[in-house]
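Visitor: model the following, please.
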Amino acid sequence: MQATVETLEGLERQVNLVISLDDIEKDVKTQLQRVARTAKVQGFRPGKAPISVIERSHGPGIRYDVINQKVGQEFDKIIKEADLRVAGMPSIEPKAEGVEEGQVGFVAKFEIYPEVTLPDLSSLEVVRFTADVGDEEINRTVDILRKQRATYEAREDRAAQNDDRITLDFVGTIDGVEFEGGKAENFPFLLGQGRMLPEFEEAATGLKAGESKTFSLSFPEDYAGKEVAGKTAEFTITVKEVAEPVLPEVNEEFAKSLGQPEGDTEKLLAEIRSNIEREVKNRIQGRTKGSVMDALANAAAFDIPKALVENDVQARVAAAREELKQRGVPNADQMPIPAETFAPESERRVRLGLLVGELVEQAKLQVTPEQVRTRIEEFSQNYEKPEQVISYYLSDRQRRAEIEAVVLEDNVVDHVLSLANVAEETIDFDDLMGTM
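Guide: Numbering: from 1, shown residues only. Got it, this is the predicted structure:
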């Protein structure tokens, strides 16, 4: 007789499991006899100890394992007969009531995967992002590279301005008392780079070598230095040197410094353009993918298994601890990380995962080997030796699977874009690249 699967709440289900004690003891006896053949028991030759002795030493452990095995087999049988997909691990507890003599009972509570209903893709509102890459964007990128390789020339007559390297002495006090970290000599920094607090940079701007200034500075409440956070200090600064940036010319030497072995500036600019276009393409695709996934997630209207959400939350907590450990944070493994912080994103990830899986299945969006190789070849262009990267990813199953997952998402995005209401939006190059 097939066991009845009870519906509890949402995706939760319950089923009663009944195991015959005779079947349990039969398997226990078989296991004890197997162990007895080789068991070494004090006072007996190997394999000659009586079953009663083996029962006392090994019986409880063997019986526990046999019961677990029987319960698991019965649960799997019932689930298969009911044609259910279990999400996560079931919770199985002993059951005393309603169990006949000669049997042992358990109750299993578990969740099932939901029936995923795909939204009407033609009703989705999504955005396909674009960005222009022209000579102006290339020139600005070259200027950034030049600034990164700037040298500095001291100028006694120069008033400090953005991008200058300022060297100064400073001393700060709170209520007339100096505080730790509030004093330095010959301290250099680049003006306008945001390294110092705004009041500090504003006070230094316009000063020449040899000039001093006293000003008030309010530390933010969340300032890293807890002893001064939220307090107001008075600083006196004395500029020792103002150095003007001198940018390198775009010439053979500059090209070689950026890895162009021949020092060919035309080839360098072509490489820069190619790199920028590739990076812009990746970022644009990322934004468009985000729009598509948001639209899918917002249109999804089905319950999701709590167990899958909890698994994702715990994985993210573990990843957060591992990141802290990599940063050298002491006792990262014991650091309390509130799981509820990750819950909303985990719910979204699980819902999207189920929805995307159903969409891939119904629309037959599975990845082809040709797509994977093409994506790996594109990805390899970010490296000095692309052919080695291609070989590495094609020969490593785990790495190849990572690329397959990316390509699968691309297939989903392309499919949704082909059916949804798509608005085009051009993003400013600086906004896209995070530059000013």
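Visitor: and the strands in the chain?
Guide: Assigned by DSSP state E, the chain shows strands spanning 6-7, 12-20, 86-95, 103-112, 125-130, 151-154, 165-174, 177-190, 212-218, 232-246, 421-426.
Visitor: CSV please, covering these and showing mean pLDDT.
Guide: Formatted as CSV, the strands of the chain follow (pLDDT from 0 to 100):
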stretch, mean pLDDT
strand 6-7, 90
strand 12-20, 91
strand 86-95, 91
strand 103-112, 91
strand 125-130, 96
strand 151-154, 94
strand 165-174, 94
strand 177-190, 92
strand 212-218, 93
strand 232-246, 94
strand 421-426, 95
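Visitor: take the ones you listed and lay them out in CSV including distance to Q42 and mean neighbour count.
Guide: The C-beta positions use only the backbone N, C-alpha and C, and glycine is treated the same way. What follows is those, written out as CSV (distance: least, Cβ to Cβ, whole Å; neighbours: other Cβ atoms under 10 Å):
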stretch, distance to Q42, mean neighbour count
strand 6-7, 51, 11
strand 12-20, 34, 17
strand 86-95, 35, 15
strand 103-112, 33, 19
strand 125-130, 74, 17
strand 151-154, 83, 13
strand 165-174, 76, 19
strand 177-190, 68, 13
strand 212-218, 78, 13
strand 232-246, 77, 17
strand 421-426, 79, 12
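Visitor: dump the ones you listed to CSV, plus distance to P344.
Guide: Formatted as CSV, the strands of the chain follow (distance: least, Cβ to Cβ, whole Å):
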stretch, distance to P344
strand 6-7, 27
strand 12-20, 21
strand 86-95, 19
strand 103-112, 19
strand 125-130, 22
strand 151-154, 48
strand 165-174, 41
strand 177-190, 38
strand 212-218, 34
strand 232-246, 38
strand 421-426, 26
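Visitor: out of those strands, flag the one nearest E370.
Guide: Nearest of the strands of the chain to E370, taken as Cβ to Cβ: strand 125-130 at 24.1 Å.
Visitor: residue contacts, L21?
Guide: Neighbouring residues of L21 by Cβ atoms under 8 Å, 6 or more residues apart in numbering: 102-104.
Visitor: let's see that with 10 Å instead.
Guide: Taking Cβ atoms under 10 Å, 6 or more residues apart in numbering, we find L21 in contact with 67, 101-104.
Visitor: same question, K95
Guide: K95 neighbours (Cβ under 10 Å, 6+ apart): 16-18, 104-108.
Visitor: disregarding residues adjacent in the polypeptide, which is nearest to it?
Guide: G105 (3.9 Å; Cβ to Cβ, 6 or more residues apart in numbering).
Visitor: would you mind measuring from F235 to D175?
Guide: In this view, F235 and D175 are 14 Å apart by Cβ to Cβ, to the nearest Å.
Visitor: same question, K306
Guide: Counting by Cβ to Cβ, the gap from K306 to D175 is 54 Å.
Visitor: who has more neighbours out of these two?
Guide: Using other Cβ atoms under 10 Å, the more surrounded residue of K306 and D175 is K306, with 16 against 9.
Visitor: what about the more buried one, distance to G206?
Guide: Using Cβ to Cβ, we find K306 at a distance of 61 Å from G206.
Visitor: wait, doesn't D65 sit right on V28?
Guide: Yes. Counting by Cβ atoms under 10 Å, D65 touches V28, with 9.1 Å between them.
Visitor: the two - which one has more neighbours?
Guide: The residue with more neighbours, out of D65 and V28, is V28; 19 against 13, by other Cβ under 10 Å.
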